[in-house]
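**Student:** One predicted model, sequence on top.
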Amino acid sequence: MTAARRQAPAAWERLRVVDSLRFAAALAVVGFHYTGRDSVAWSESVRDVFPFLSRFTIYGGFGPYLFFMISGFVILMSTWGRSVPSFVGSRIGRLYPAYWFAVVLTALVLVTNRSILADWDAVGLPGAALNLTMFQSAFGVPHLDGAFWTLWVELKFYLLLLGMALIGITRERMLALCLVWPVLGALAARWNSPLLTELLVPKYAPFFCIGILIYLLHREGWSAATGLLLAMNYCFALWVCAAHYIPWSVRVAGAPVSFRALVVLLTLCVAALAVATLTRVSRVDWRWLTFLGALTYPLYVIHQVSGWVLLNRLGTVLPAYAALTLVMALMLVLAYLVHRYVERPFGGRLRRAVERDLYRTPARREPIAGGHDGTVHPAGAGRSRPLPPLPSSRVPVERSGDLLDPVPPGPGRR
């Protein structure tokens, strides 16, 4: 381990290139939904509307897997050494404001465009209300917007890390997690255990583990155990590509993808995250990259249903590429407005409120010599102090981050 890796995290350092990777993944997903798969956006197959472009954007459906890798990296970075209330508050404050806006917007679009989309009849007002919780899948209720499926996967990963935080996050425990989690998930799928398969998400676990292991390399430097586990999870991810992603592409996108191309794409994603965090590239300090990263989450949660309806309307009066360019520009502008006027003013308030409430305990009676005095101490006097951060060998970071929000400060050197 180098001296630089042993230094405490620099509070001012930010992995801005990782922000740009998140934005690139979001654009890939948008491109896939608009031009890579058939949908109500166009009156004919996208392979007829965009015969050349669709050959590449069909691979944009791989974007969420890059999201999961980035999430494994930055969520572990932001969780290590911070208290449980702080972790829970940061996740709720980060995810819900923009998501609530997206649910309301999508519901309005579905209600007013039933001639184009029949999804509202399958969900209804009770289902839409349940969508506001982000736990609709647990109740068998469809997502108002198909893009919401990744948030359910993310929530399971957060719960897993929350469990790790309760017992204390250490390097050895995270290495054990990256060994056991994907294997148990694959076994659960083979045993046809729906509950374990749902909890262990075997189709996505290797990608989270890749991000976790790259963070351990970023934090601690190279080790044989970390390198071997990274190679193992890379192989697991290749298996997911062959066994799950290719059939999924045929079912959802309406066309198969090349396994060789997926190998190249997976390798590029792993290499890009490694270069962005383990090399001099991590020192790039271009603030506009973080601005792009800030647009990622709102763009992701608002673009699909609303974009399909706009493309359906505009496609009859504009050339396909003109309609596509206009709708993508509108989605980027709307994403900025959501970030500026929803996430920024309400996210921090919600985080602080949740964190403050989790730290708070009811006033209690304080014993005195020989017993109780029979009175309740003034407000605040009997409250427990905030819990200290969980055991860690490093200084906790200031902000949280995941695949859907700007990357927090991390260890390293300028």
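**Tutor:** On my side now, so go ahead. Residues are numbered from 1 along each chain as shown.
**Student:** Tell me the buried residues in stretch 334-345?
**Tutor:** By 16 or more other CB atoms under 10 Å, the buried positions in stretch 334-345 come out as L334, A335, V338, H339, V342, E343. The C-beta positions use only the backbone N, C-alpha and C, and glycine is treated the same way.
**Student:** Now the first one: closest residue in space that isn't a chain neighbour?
**Tutor:** In this case it means L334. Distances taken as CB to CB, 6 or more residues apart in numbering place I302 nearest to L334, at 6.0 Å, with adjacent residues excluded.
**Student:** Surely that neighbour touches A102?
**Tutor:** Yes. At 4.9 Å, I302 counts as touching A102 under the criterion of CB atoms under 8 Å.
**Student:** mean confidence score for stretch 248-262?
**Tutor:** Averaged over stretch 248-262, pLDDT sits at 91.
**Student:** outside of it, which residues touch it?
**Tutor:** 32, 36-38, 45, 47, 58-59, 61-62, 241-242, 245-246 (CB atoms under 8 Å, 6 or more residues apart in numbering).
**Student:** and if we set it to 10 Å?
**Tutor:** Applying CB atoms under 10 Å, 6 or more residues apart in numbering, the contact partners of stretch 248-262 are 32-33, 36-39, 45-47, 54-62, 65, 146, 203, 237-238, 240-242, 245-247, 264-265.
**Student:** Leaving out the residues flanking it, which one is nearest to S45?
**Tutor:** With CB to CB, 6+ apart, the residue lying closest to S45 is D38, at 5.3 Å.
**Student:** I'd guessed I210 sits against V240; true?
**Tutor:** No. If you go by CB atoms under 10 Å, I210 and V240 don't touch, sitting 11.2 Å apart.
**Student:** which of those two has more neighbours?
**Tutor:** Ranked by neighbour count (other CB atoms under 10 Å), I210 and V240 place I210 first, with 29 against 22.
**Student:** and the helix or strand in which the more buried one is found, how far out from the chain's middle?
**Tutor:** If you go by DSSP states H and E, I210 is part of helix 205-220. Helix 205-220 sits 15 Å away from the centroid of its parent chain (CA atoms, centre = their mean, to the nearest Å).
**Student:** For stretch 196-205, buried residues please.
**Tutor:** T197, L200, V201, P202, K203, Y204, A205.
**Student:** got CSV for these, with pLDDT, distance to G221 and secondary structure too?
**Tutor:** Converted to CSV, these look like this (pLDDT from 0 to 100; distance: CB to CB, whole Å; DSSP: H, G, I helix; E, B strand; the rest coil):
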residue, pLDDT, distance to G221, secondary structure
T197, 90, 35, helix
L200, 92, 30, helix
V201, 93, 29, coil
P202, 93, 30, coil
K203, 93, 31, coil
Y204, 96, 27, coil
A205, 96, 25, helix
